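Undergrad: Here's a sequence, model it:
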Amino acid sequence: MATWAPQPAGLQEILQTILESTDTQNTQVQRNITTKLNSFTRAPDYIAYLAYILTAMPEQEERIRTIAGYLLKNNARLILSASPEVARYVKASVLQAFTDASIMIRNAAGQDVVAFLGALEPKNWPECLEQLVTLLDSPDLDRQEAAFNALEKACEDYPRKMDVEINGTRPLDFMIPKFLMLTEHPSSKMRSHAVACLSYFVPINCQSLFTHIDAFIASLFKRASDDDPAVRRHVCQALVLLLAARPEKLMPEMANVAEYMLWSTKDKNENVALEACEFWLTFAEDTDLAPYLFPLLVKVAPVLLDCMAYSEDDLLWMEGDTEDAAVPDKETDIRPRHYSGAKGHEYDRDPEAEASEQSGKRGAYGEETIGSDDEDDYELDDDDFADEMSTEWNLRKCAAAALDVLAVRFGADLMNVLLGPLKEKLWSQDWLQRECGILALGAMAEGCIDSIEPHLVTLVPYLINMLNDPKPLVRSIACWTLGRYASWCTQPLSDDHKNQFFVPTMEGLLRMVLDNNKKVQEAGCSAFATLEEDAGPELAPYLEPVLRNLVFAFDKYQHKNMLILYDAVGTLADAVGRALSNPVYVDILMPPLTKRWSKLKDDDEDLIPLLECLASVTIAIGPAFQPYVAPVFERCNSIIHNSLLQYQAYQQNTDLDEPDKSFLVVALDLLSGLTQGLGMSLEPFITASQPNLLTLLTVCLKHPQAPVRQSGYALVGDLAMSCFALLRPHMPGIMAELIAQLDPEPKVEFVSACNNAAWSVGEVALRYGRDDAEFAQWVNPLIGRLIPILLHPKAPRSLHENAAVSIGRIGLMHPGIVAPHLPEFAQSWCQALHEIRDNEEKDSAYRGFCTLVQTNPAGMAKSLLWFCNAIVRWNQPSPELNNMFQTLLQGFRQHNETEWAAQVSNFPPVIQQRLATRYGV
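TA: Purely as a prediction, here's the structure:
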């Protein structure tokens, strides 16, 4: 059997490059070294050279060998394509290095073991697993701990890969009892590894563990008061995982578990306290466990409230008291931003339909939100309040999130428990306690609103007063909490309400937007954006002072907060709409935006939020934006052209970095804004564009990245509505792409692109007009795609709705071609749209559907109930549509009165009543 050996020249080149990499002073040298190291990965035996340096070159500095070990870990997946002799050599070398005399080499080899075991999977490298488990019995404690450390990382990273059968036996059947035994080990590190390893198998329902579940729980209780906080932390973590996966096992002991977790939530070690606090968050999130949690509320809630105060460690690094408005941000303060483009086109539903779907959302405390609808927005990597504290998940945030969920779950009952402690904190002389009380008040806003609302007449003025607190951390949390109650403040109840609550809140937050502390500016600007959303047109009378404040911030803000300011300006434009087109307001707002615009280069990432902000501003300002159109249009066209060229270069040479799609997407979205705001006034710019915008748009519709296509189809629909004459000559090329985009079961990331394509085709159909010969050629291919979408049970609801609207609109223009298909889709069509709020798009779709029914009345034979249900769901159909409903219903009845009466008698009473009242049938 051939064994691998290095070539001296190759070995020397890799060694020399690793040596050069230790010169960290020169960034250009570093960049060249990274490129060189990446080029080595093309050599089929690169990982063997790294393994050789790690294991077989003791004469080299430990630091050099260790770097080779880390490079080996980073390239572990290369073993999957390596030759048998390279793979054999690497595996043997790594296991050899794992027993090296040097701790640095052992540590690097330990990481390599975990990486290779994960890449190969334990079933393909059983001797490694065997060696690790054998080392747990080594007389040398260091080796025991090194082996257990590697096993813990493997159990954490890929527990399912560990839970397998190898050569007829399941290693875990032996390892789990071994781990249980090691929870009694004299070394606290070994005990900690043992508890951790066991806990990682809970979420995957590992049968080897669950066979010993009672022994596992007993071992947790035994370790609950361990002297070592690392062990206690893993005990808490295991109990959290058990609560989520096997709550029935904890319920008999819940009184004891709860007492222990309450005690641990108050642990002086924050890591233990955080892990224990997760228990209450997990408990609160599971609706089935609410009856077990309810009796504990009186003890749990006050403990969570206390955990929400800043710790001394938090305050040490926060530098919260400084007036730092003039201090430039470090680039490391600016977290990555994502822009994935225009939202997929969706329809508003009736409030009754929506109410049943609403569920409490977390996310205000910096943890990941699942299933949020806001994924398409450009946003900082935090939610409302992620940056009120450290960007890391901590005890304060976890406690606030748990209180938020408890509030949603228990509402008034939680309020009753916390009323006393909360009052005490809010009116405390200690600013830390006041701050904590204000955070709690904000955390409970969603769930306890009914109980808190009677107190808001006192609490809102209190919060506005707290905006004057000398402590910036109190001012910033008061901003956030006011944002949580913005919808109450902005209710147009009366002039008194407006003057007492809305105007002072608005003025207070605007003051905070211009605070001299950056954290307060950020909180003020974010809360003001929330107020804008809730107030909408109610802000219009105050636009001049609002704009003057926001514009002043453009000169005051550092880099990070500038990004939030763009969002506040864009949100304001969305909220007040055409009220912003007043020339006075345009003259206030546009100069600072154009000044920022002229400073930024086309590849500056800060251009992205500015362009997004301008997209909202152009729609709101409308024709008043005309003086600014030329440079904006030309720059967008240029960005689109250059982005497409860069992507073409990347496709021809994938060794290049993939270009950032965000510039392309946001330029398309700004052009959509210009199109909506200015309509046919854009004609001279589109006609003169070089290369022609519509030619570039057709290329964007072929782009492999879904957000580009998504924004492309949004622009197609907007151009169809506003400047169809310019779009029409390009429709053959566009339609070929559009038909291919319509997919009944798109991948999740393609849904929004598919939605926009389905919506835009309906807009295009209307603009072509009745029985147009050019569009007629596409009707059958389109209907052949749209009907399967409508009928597909797994297609997203928004896609059903867009497909139904476009089928209706195409039917309105080409009833002769579409009507024969009516029996296939009539029932699904009515079901897709009956909950949508009345609007013009829905109206035109229904007029199309009625035209199809007039053309092929027999097609409705099996769907009459659904059609009648859809008709009576309308609140205010247009006169034309209402007449169509009347004519069709009368026609059905007159065609066969006996049969009609028999059918209607089986309808639900509410439908019968509305048909009789509105249409006399």
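
Undergrad: and L701, backbone torsions?
TA: Dihedral pair for L701: phi -70, psi -10, per degrees, to the nearest 10.

Undergrad: For it, which non-adjacent residue is spatially closest?
TA: In this structure, L701 finds its nearest non-sequential neighbour in E737, 4.0 Å apart by Cβ to Cβ, 6 or more residues apart in numbering. All C-beta spots, glycine's among them, are computed from the backbone N, C-alpha and C.

Undergrad: quick one: contacts for that neighbour?
TA: Contact analysis of E737 by Cβ atoms under 8 Å, 6 or more residues apart in numbering lists 698, 701-702.

Undergrad: what do you get for L297?
TA: Going by Cβ under 8 Å, 6+ apart, L297 touches 406, 410, 413-414, 417.

Undergrad: quick one, longest helix in the protein?
TA: helix 629-652 (DSSP state H).

Undergrad: re the thing from before, of the contacts of E737, closest to E127?
TA: K702 (50.4 Å; Cβ to Cβ).

Undergrad: Show the pLDDT at the nearest residue in space to the closest one that is not next to it in sequence.
TA: Among residues not flanking K702 along the chain, E737 sits closest, at 5.9 Å (Cβ to Cβ, 6+ apart). Predicted confidence (pLDDT) for E737: 92.

Undergrad: Which positions within the helix or strand containing E737 qualify as buried?
TA: Element membership for E737, per DSSP states H and E: helix 731-741. Neighbour counts over helix 731-741 (16 or more other Cβ atoms under 10 Å) mark 731, 733-735, 737-739, 741 as buried.

Undergrad: Can you name the next helix or strand after it?
TA: Downstream of helix 731-741 (by DSSP H and E), the next one is helix 751-768.

Undergrad: that older thread, tell me which of the buried residues of helix 731-741 is nearest to Q558?
TA: Q741 (42.0 Å).

Undergrad: quick one: the helices in the stretch 401-550 of the chain?
TA: 412-426, 431-443, 449-452, 456-466, 472-484, 486-489, 495-497, 503-513, 518-535, 543-556 (DSSP state H, counting those that start in this stretch).

Undergrad: want to try TSV for those helices, with mean neighbour count and distance to N26 as columns?
TA: Conversion of these to TSV gives the following (neighbours: other Cβ atoms under 10 Å; distance: least, Cβ to Cβ, whole Å):
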stretch	mean neighbour count	distance to N26
helix 412-426	17	53
helix 431-443	24	46
helix 449-452	16	58
helix 456-466	17	50
helix 472-484	27	40
helix 486-489	21	51
helix 495-497	11	64
helix 503-513	22	42
helix 518-535	26	33
helix 543-556	17	37
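
Undergrad: hmm, back to that, of the contacts of E737 - the most surrounded one?
TA: Among those, L701 has the most neighbours (other Cβ atoms under 10 Å), with 22 neighbours.

Undergrad: residue contacts, that residue?
TA: 709, 712-713, 716, 734, 737-738, 741.

Undergrad: On the three-state scheme, the residue nearest to P247 when sequence neighbours are not counted is what?
TA: Computed as Cβ to Cβ, 6+ apart, the closest residue to P247 that is not its neighbour in sequence is L289, at 6.0 Å. Here L289 is recorded as helix under DSSP: H, G, I helix; E, B strand; the rest coil.

Undergrad: if we can go back for a sec, out of the helices of the stretch 401-550 of the chain, the one nearest V231 is which?
TA: Nearest of the helices of the stretch 401-550 of the chain to V231, taken as Cβ to Cβ: helix 431-443 at 29.7 Å.

Undergrad: Just the mean pLDDT for that closest one, thanks.
TA: Helix 431-443 comes out at a mean pLDDT of 96.

Undergrad: how far is that helix from where the chain is centred?
TA: Between the centre of helix 431-443 and the centre of its chain there are 27 Å (Cα atoms, centre = their mean, to the nearest Å).

Undergrad: now it against helix 456-466, angle please.
TA: Inter-element angle recorded for helix 431-443 and helix 456-466: 130 degrees (by axes from the mean of the first three to the mean of the last three Cα atoms, to 10 degrees).

Undergrad: Let's see helix 431-443 as CSV, backbone CA atoms only.
TA: Provided in CSV are the C-alpha atoms of helix 431-443 (Å, rounded to 0.1, in the frame of the first residue of the first chain):
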residue,chain,number,x,y,z
TRP,A,431,-31.3,55.5,37.9
LEU,A,432,-30.4,51.8,37.2
GLN,A,433,-33.7,50.7,38.8
ARG,A,434,-35.7,53.4,36.9
GLU,A,435,-34.0,52.3,33.6
CYS,A,436,-34.9,48.7,34.3
GLY,A,437,-38.5,49.5,35.1
ILE,A,438,-38.8,51.5,31.8
LEU,A,439,-37.4,48.5,29.9
ALA,A,440,-39.9,46.2,31.6
LEU,A,441,-42.8,48.6,30.7
GLY,A,442,-41.7,48.5,27.0
ALA,A,443,-41.3,44.7,27.1
